[in-house]
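Novice: return atomic coordinates for the entry below.
(one chain, ligands or ions: 1)
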Amino acid sequence: MPKFRILFFSFLAFSSILTGCGNPQPKEPIVVPDRPTVADQPTAIPSFSGSRAFADLERQVSFGSRNPGSAGHAQCLNYLASELRSLADTVWTQDFVSIGYGHETLRLTNIVASFRPEEKGRILLCAHWDTRPRADNDPTSANQSKPIPGANDGASGVAVLLEIARLMHSTPPRVGVDLVLFDGEDYGYEGDTPRYLLGSRYFAANTKFQQSPRFAILLDMVGDANLEILKEQHSVRYAGDIVNIIWSTAKQLGYYQFVDAAGESITDDHLPLNEAGIKTVDLIDFDYPDHTNRYWHTLDDVPAHCSSESLEAVGAVLTHLLYTQKP
Ligand SMILES: [Zn+2]
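Specialist: Down below sits the predicted model:
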């Protein structure tokens with residue numbers, strides 16, 4: 001797959017010079033037809049760096065597990081908020097409390113970073129930044145009560161969004177973009193759905209949009225070194241047209257990691273958004289690294305099982321999509 005992909009659009013020169021028929025006197029005025037406005041002009045599509053995104057993945061993992069209440073959770077929140085404050089036009093945090101198992105008080109924070117907040121046409125990109133408090137699928141039973149490193153399940157989606165934030169800082173897209181990092185996605189015991197998706201539920205229920213996004217894209221588990229993203233079925237049902245645009249963009253750019261096949265229906269942060277009327281696609285590779293899923297929710301969810309190429313495939317497709325959106 002291509003290491004770098006930079007697409008430049010060039011405009012046809014619209015200006016023409018009208019001159020008199022062989023008579024230099026008097027000079028005819030130079031006629032310049034209406035120039036396209038800035039908003040009409042396609043923007044050069046910046047190059048998404050998988051290696052920079054991978055460094056963001058490793059940085060998050062370096063804080064340790066980021067499950068609510070942990071030291072890593074607090075440190076990573078500071079890091080993400082300060083990174084985004086240096087890149088976005090506006091950043092705000094949405095703090096809320098949820099009661100967990102054994103009456104545990106969970107102090108949770110969604111982070112929202114906006115680019116071009118004045119633009120009416122907006123796209124929302126999101127990922128969960130928390131990690132699971134227990135490695136309940138780990139083959140070693142002594143590990144099952146330990147929190148996971150969450151390199152793929154947590155850090156990967158955020159890493160792609162941080163690199164996109166960097167690109168948007170230096171090359172603003174023509175549309176407005178909101179990045180939302182959800183907390184509390186992965187808290188619940190397996191099967192206890194009400195205790196999952198805490199941040200996205202809170203966000204969907206409590207956020208007042210001045211402009212609803214045209215659509216949203218959720219990234220979850222997009223760092224697997226053996227990346228194969230199938231079409232998640234809730235996404236197809238709620239946002240089939242956006243799924244088609246994403247897959248045709250991936251095909252056009254040659255990213256084979258987007259497989260043109262039906263995947264499973266997965267309960268994830270896109271459901272509260274879709275139920276609130278925001279058309280949202282979930283990009284997720286639920287087979288980590290393959291159908292055995294042996295790294296998922298285990299202590300083996302580490303950077304060594306992820307790759308910069310996978311992050312780059314997802315990031316490049318999203319970047320292309322963002323920068324070809326019309327205002
Ligand atoms: Zn998970």
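
Novice: once you drop chain neighbours, what's closest to Gly188?
Specialist: Among residues not flanking Gly188 along the chain, Arg195 sits closest, at 3.2 Å (CB to CB, 6 or more residues apart in numbering). The way it works is simple: take the backbone N, C-alpha and C, and place the C-beta from them, glycine included.

Novice: residue contacts, that neighbour?
Specialist: Residues near Arg195 by CB atoms under 8 Å, 6 or more residues apart in numbering: 100-101, 187-189.

Novice: filter those residues down to the buried ones and express that as a PyMOL selection.
Specialist: The PyMOL command for the buried members of these (criterion: 16 or more other CB atoms under 10 Å) is given here:
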select buried, resi 100+187+188
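
Novice: please list which of the contacts of Arg195 are also close to the ion.
Specialist: Subset of these in contact with the ion: empty, counting by CB under 5 Å from the ion.

Novice: just the closest of the contacts of Arg195 to His305, please.
Specialist: Among those, Tyr187 lies closest to His305 (CB to CB), at 22.7 Å.

Novice: tell me the pLDDT at the residue in the stretch 1-150 of the chain positioned nearest to the ion?
Specialist: Per CB to the ion, the residue of the stretch 1-150 of the chain with the smallest distance to the ion is Arg132, at 5.1 Å. As predicted, Arg132 sits at a pLDDT of 98.

Novice: try Arg174
Specialist: Arg174 is assigned a pLDDT of 96 by the prediction.

Novice: which ones are touching the closest residue in space to it that isn't next to it in sequence?
Specialist: Nearest residue to Arg174 in three dimensions, chain neighbours excluded: Pro327, at 4.7 Å (CB to CB, 6+ apart). Counting by CB under 8 Å, 6+ apart, Pro327 makes contact with 39, 119-121, 174-175.

Novice: identify the residues contacting Trp92.
Specialist: 111-112.

Novice: looking at this, it is in a strand?
Specialist: Yes - counting by DSSP: H, G, I helix; E, B strand; the rest coil, Trp92 is part of a strand.

Novice: SS state for the nearest residue to Leu84 once chain neighbours are set aside?
Specialist: Excluding the flanking residues, the one nearest Leu84 by CB to CB, 6+ apart is Ala113, at 4.1 Å. What three-state DSSP gives for Ala113 is strand.
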